[in-house]
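Participant: sequence-free structure coming up:
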C-alpha cells in the first residue's frame, strides 16, 4: 500500500495519524479514511485502519476496510478485511491459549487485493486531493 504509506508520510507519520485521523473526500469516489487504531497489536506493532465508507440508512458502511500492522521492515501487513454488511475475514488472531495464529493463504489473498486497491486509490487521485487539502 505505497499510496496509503505516502499519504501517512505526508500527514506527518504515525504520530500525527495517532493525533488526527486522515479523511479524504474525492467525488465521485467513496471517501477514504485512514485511522490509527492501537500502539501494539497482536504482534506488538502499531495498527492502522484504511477504509472507503458510505452511508446506508444513516449507518456508516465500510466498503472495504482493511486493518494493518505497521512494520518498519515490511510496511503495511494485513490483519483483517471487512466489507459491510456481511463480509469479515480475519487473517491474524489469538486462539484460546493466547497463541497468535496466522492464516497464510488469507494473507496472500489480502496482499493481492492490497495491490489492486492501492493502484485504484492512486489512479483515482486521492494523493493529489490530499496534497491540495493540506
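Facilitator: Yep, it's here. What you are looking at is a predicted structure, and each value in this text was computed from that prediction instead of being measured.
Participant: C-alpha only now, for contacts and for neighbours.
Facilitator: OK.
Participant: residues in contact with the residue nearest to residue 118 when sequence neighbours are not counted?
Facilitator: Among residues not flanking residue 118 along the chain, residue 1 sits closest, at 5.3 Å (CA to CA, 6 or more residues apart in numbering). Contacts for residue 1 (CA atoms under 8 Å, 6 or more residues apart in numbering) come out as 75-76, 114-115, 118.
Participant: any idea what residue 65 is bridged to?
Facilitator: Per DSSP bridges, the residues bridged to residue 65 are residue 51, residue 82.
Participant: can you give me the strands for the chain?
Facilitator: Using DSSP state E, the strands of the chain run over residues 22-24, 32-38, 47-56, 59-71, 75-83, 87-90, 92-94, 100-102.
Participant: which ones are touching the residue nearest the centre of the chain?
Facilitator: Nearest to the geometric centre of the chain sits residue 50, at 2.5 Å (CA atoms, centre = their mean). Neighbouring residues of residue 50 by CA under 8 Å, 6+ apart: 32-35, 65-67.
Participant: flag the shaky bits of this structure, pLDDT-wise.
Facilitator: With pLDDT under 70 as the threshold, the chain has no low-confidence stretch at all.
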